[in-house]
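J.: Just need the structure, nothing else, for what follows:
(2 chains)
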Amino acid sequence: MTLFLLSIMVFLGGQVLPGNVGRAILGPFADQRAVDALNHTLGVDRPLLAQYWGWISNFVQGDMGTSYIFRSPVAPFVIDALGNSMKLAAVAFVLVVPIGILGGVIAALNLNRPLDRIISLGGLSVTVLPEFVTGIILILIFGVWLRWLPISAAWPRNAGFFTQLYYLILPSLPLFLVLFGYIARMARSGMIEALDSDYTRTAVLKGLPWRTVIWRHVLRNALLPTITVIATQTGYLIGGLVVIETLFRYQGIGSLIFTAARGKDFPMLESGILTIGIVYAVATLVADFLYSVLNPRIRLGSDQ
Amino acid sequence: MSAVQTTSPTPDDTRRRGPLAEVFFSLLRSGTFLTGLAIVLFWVACALFGEHFAPYDPLADDILNALAPPSAEHWFGTDQIGRDVFSRVIVGSRDILTVAPLATLLATVTGTALGLLTGYFRGLVDDVVSRILEAFMAIPVVIVALLAIVALGTSKTTVIVVIGLSFAPIIARTVRSAVLAERELDYVAAAQLRHESALHTMFVEILPNVIPPILVETTVRLGYAIFAVATLSFMGFGIQPPSPDWGLSISNNYGMIGGGFWWTVLFDALAIASLVIGVNLAADGVHGALND
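T.: Down below sits the predicted model:
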């Protein structure tokens, strides 16, 4: 449903664009016949429904169309950019998921003590800040003053895994900060609820060591809602990628969309956004699956 | 309410106050809320009267003094065409503090109307509208905004409409769940028995009773609206030059920070950070006061 709506919106966004496509490419002084001819070659003079159907059925078959600007198929650009964005998102996720959960758990175990206050308030504060603001401040601190990290994410050609990682640390930090607050808060409230529950009391009264109670009984239940939150954060993460990739001049899907939007390169823009929609849908699906695997109360199939 | 008791209210005193007055008083006792409010009011004052106490004209260039580091003359230094950064930061609060609240207002009005409709009628209306709203919520605001602004052109109105409409579903969801609980109560049944119109029941009977959740959601959304406006301006899709807007200034100047010109971006970044945190602290205070 979301994907369908998104595809319609993306497509309509392309159609109500002021000025026609041929004119935009050839410039204001081009001959009208040349413009018409180009419009015909690009297929943008057909009826709307026909265009939509042609575009969406090609997309499903893996043909994303031809870029208006580069005059070459869109797909390689999108796939490249998606790969780059995945690297950046992966670094951010690998950092934020364990640290965010750990932060939330520590806060819950120190409920209402100073440590909890610091984590909760700090997490809340960095979560609400726009990525480019934290990005700029981090660039100033680590890139300009301390000179520890490169201020651009564009690594030298043929850079190895660790060099790439080194270049990705700074761009991933703003994403880390935005997500940290959400994840820590969910983990904290999940922990508080689980610590307060009957099964925890039972486990404690059974005489189990505190460590076992936390690991086997509390954590497993506490982290279930957190997983769902992490999946819904992919949407925000993608929004953040657009900003971060622009700020750090990184060739990812976000900056691809941004550049395409600026240059009115519609096949590129449409494919980029639809690809993001698909990634989001897959992430939600994976989260549902993980949730059912980890939740002992939901068992798929009949392995009772 | 007795005028004599000004210090900590006794339980008796609290009981005699109306519910809204009670919220008001607990807000005044909330440090979080007051801190947030102070920060926000500071920037509102800058937006309203900034020109009068800014030392320089925020738009006046002075190319001979370009990129001067902070000094006694220019507290925050000057930017690449010699404009005084301190003055620009002060006056830069104006556009974001116009656009973000208007967007929030639009979101609140639309969202409340949608929430009342879906919550009150339920059934088919609810199913159809709710599904569409859910689908909308799954799309990141930045993406919606990018599309809409590319299609419609950049203007403050576009930004207000885009952000307002993207936030409306979230408010609608909150209002809907509050209305679902309210509509089962006796006063709603009474109104229906009096043959009041559905519109009257929704807006005159139910609406006043769901104000608290709407208030909380609105203050929270204002924080996100500022986030979104700042981000869009930074991307070049929001507030346009020559406005001294913070996000816009950062986008014009961040290309040079490799050269060490930190003062052209740091103060704008800190200004956005303080405003966003201020609004969120206030929102947190409102949330706490209404849920205690």
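J.: Can you get me a residue count around residue 244?
T.: All of this is about chain A. Around residue A:244 there are 30 other residues, counting by other Cβ atoms under 10 Å in any protein chain shown. Where you see a C-beta, it was placed from the backbone N, CA and C, and this is true even at glycine.
J.: sorry, should have said chain B
T.: By other Cβ under 10 Å, 26 other residues sit near residue B:244.
J.: list the contacts for it?
T.: Residues counted as contacts of residue B:244 (Cβ atoms under 8 Å, 6 or more residues apart in numbering or on different chains) are B:58, B:59, B:83, B:87, B:88, B:89, B:91, B:92.
J.: again, only this time at 6 Å
T.: If you count contacts by Cβ atoms under 6 Å, 6 or more residues apart in numbering or on different chains, residue B:244 has them with B:58, B:88, B:91, B:92.
J.: Remind me which helix or strand whichever residue of the stretch 201-304 of chain A sits closest to chain B belongs to.
T.: Closest contact between the stretch 201-304 of chain A and chain B, by Cβ to the nearest Cβ, is at residue A:239 (3.5 Å). Assigned by DSSP states H and E, residue A:239 belongs to helix A:219-247.
J.: average pLDDT across that helix?
T.: Here helix A:219-247 scores 78 as its mean pLDDT.
J.: coming back round to it: ok, so of the contacts of residue B:244, who is nearest chain A?
T.: Nearest to chain A among the contacts of residue B:244, with distances taken as Cβ to the nearest Cβ, is residue B:92, at 13.4 Å.
J.: List the contacts of the closest one.
T.: By Cβ under 6 Å, 6+ apart, the contact set of residue B:92 is B:244, B:245, B:246.
J.: Against residue B:107, how distant is the closest residue to the residue of the stretch 201-304 of chain A closest to chain B other than its chain neighbours?
T.: Closest residue in space to residue A:239, ignoring its immediate chain neighbours: residue B:140 at 3.5 Å, by Cβ to Cβ, 6 or more residues apart in numbering or on different chains. Using Cβ to Cβ, to the nearest Å, residue B:140 is found at 16 Å from residue B:107.
J.: Rebuild the contacts of residue B:244 as a markdown table, extending it with pLDDT, secondary structure and distance to residue B:271.
T.: Shown next, in a markdown table, are the contacts of residue B:244 (pLDDT from 0 to 100; DSSP: H, G, I helix; E, B strand; the rest coil; distance: Cβ to Cβ, whole Å):
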| residue | pLDDT | secondary structure | distance to residue B:271 |
| --- | --- | --- | --- |
| B:58 | 79 | coil | 13 |
| B:88 | 87 | helix | 10 |
| B:91 | 88 | helix | 11 |
| B:92 | 86 | coil | 7 |
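J.: Which strand or helix spans the closest residue to residue B:205 other than its chain neighbours?
T.: Using Cβ to Cβ, 6+ apart and skipping residues adjacent in sequence, the residue nearest residue B:205 is residue B:191, 4.7 Å away. Per DSSP H and E: residue B:191 is located in helix B:186-193.
J.: Quick one: mean pLDDT over that helix.
T.: Helix B:186-193 comes out at a mean pLDDT of 88.
J.: What are the neighbouring residues in contact with the nearest residue to residue B:183 once chain neighbours are set aside?
T.: Residue nearest to residue B:183 in three dimensions, not counting chain neighbours: residue B:120, with 6.0 Å by Cβ to Cβ, 6+ apart. Shown in contact with residue B:120 (Cβ under 6 Å, 6+ apart): B:179, B:183, B:202.
J.: number of nearby residues for the first one?
T.: By the other Cβ under 10 Å criterion, the neighbourhood of residue B:179 contains 25 residues.
J.: And for the second one?
T.: Burial measure for residue B:183: 19 neighbouring residues, criterion other Cβ under 10 Å.
J.: What backbone torsions are found at it?
T.: When read as degrees, to the nearest 10, the backbone of residue B:183 gives phi -70, psi -20.
J.: what about it, distance to residue B:245?
T.: From residue B:183 across to residue B:245, the span is 43 Å (Cβ to Cβ).
J.: residue ranges of the helices in the stretch 101-250 of chain A, please?
T.: A:114-127, A:131-138, A:161-195, A:198-205, A:210-212, A:219-247 (DSSP state H, counting those that start in this stretch).
J.: Which strands and helices lie in contact with the last one?
T.: So the one you mean is helix A:219-247. helix A:131-138, helix A:161-195, helix A:253-263, helix A:266-294 (3 or more Cβ pairs under 6 Å, 6 or more residues apart in numbering or on different chains; DSSP states H and E).
J.: can the second one be found next to chain B?
T.: So the one you mean is helix A:161-195. No - using Cβ under 6 Å from any Cβ of the partner chain, helix A:161-195 never reaches chain B; the gap is at least 9.7 Å.
J.: got it, and the third one?
T.: Yes - counting by Cβ under 6 Å from any Cβ, contacts between helix A:253-263 and chain B involve residue A:261.
J.: Tell me what angle that helix forms with helix A:266-294.
T.: 150 degrees (axes from the mean of the first three to the mean of the last three Cα atoms, to 10 degrees).
J.: thinking again about what came up before, would you turn the contacts of residue B:120 into TSV with pLDDT?
T.: Below are these laid out as TSV (pLDDT from 0 to 100):
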residue	pLDDT
B:179	90
B:183	85
B:202	87
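J.: How many residues are close by residue A:294?
T.: Around residue A:294 there are 13 residues (other Cβ under 10 Å).
J.: give the contact list for it.
T.: Going by Cβ under 6 Å, 6+ apart, the list of residues near residue A:294 is empty.
J.: Next one: the nearest residue to residue A:241 once chain neighbours are set aside relative to residue B:281, how far apart?
T.: Using Cβ to Cβ, 6+ apart and skipping the chain neighbours, the partner closest in space to residue A:241 is residue A:254 (3.8 Å). Relative to residue B:281, residue A:254 is positioned 30 Å away (Cβ to Cβ).
J.: between the two, which one's more packed in?
T.: residue A:254 (29 against 26).
J.: May I see the buried residues of stretch B:194-202?
T.: B:201, B:202 (16 or more other Cβ atoms under 10 Å in any protein chain shown).
J.: Please give the centre-to-centre distance between it and its chain.
T.: Offset of stretch B:194-202 from its chain centre (Cα atoms, centre = their mean, to the nearest Å): 32 Å.
J.: Just the contacts of residue B:92: which are in helices?
T.: Judged by DSSP state H, helices contain the following of the contacts of residue B:92: residue B:246.
J.: Would you reformat the contacts of residue B:92 as CSV and include pLDDT?
T.: Putting these into CSV (pLDDT from 0 to 100) gives the following:
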residue, pLDDT
B:244, 85
B:245, 87
B:246, 90
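J.: buried residues in the one helix or strand residue A:88 maps to?
T.: Secondary structure from DSSP H and E places residue A:88 in helix A:75-109. Across helix A:75-109, burial judged by 16+ other Cβ under 10 Å covers A:75, A:77-78, A:81-82, A:84-85, A:87-89, A:91-93, A:95-97, A:100-101, A:103-109.
J.: any idea of the angle that helix forms with helix A:161-195?
T.: Relative orientation of helix A:75-109 versus helix A:161-195 (the same axes, to 10 degrees): 40 degrees.
J.: quick one, helix A:75-109 and helix A:219-247 angle?
T.: 130 degrees.
J.: distance between helix A:75-109 and the chain's centre?
T.: 8 Å.
J.: quick one: which of the helices and strands packed on helix A:219-247 is nearest residue B:96?
T.: Nearest to residue B:96, of all the helices and strands packed on helix A:219-247, is helix A:131-138, at 12.3 Å by Cβ to Cβ.
J.: Is there any residue in the closest one that contacts chain B?
T.: Yes - contact between helix A:131-138 and chain B, assessed by Cβ under 6 Å from any Cβ, occurs at A:132, A:133, A:136, A:137.
J.: which residues touch the last one?
T.: Spelled out, that is residue A:137. Neighbours of residue A:137 in contact, by Cβ under 6 Å, 6+ apart: residue B:269.
J.: and the end-to-end length of stretch A:188-204?
T.: Taking Cα to Cα, to the nearest Å, stretch A:188-204 runs 20 Å from one end to the other.
J.: Please list the outside residues in contact with that stretch.
T.: By Cβ under 6 Å, 6+ apart, the residues outside stretch A:188-204 that reach it are A:104, A:105, A:107, A:108, A:213, A:217, A:218, A:221, A:222, A:225, A:226.
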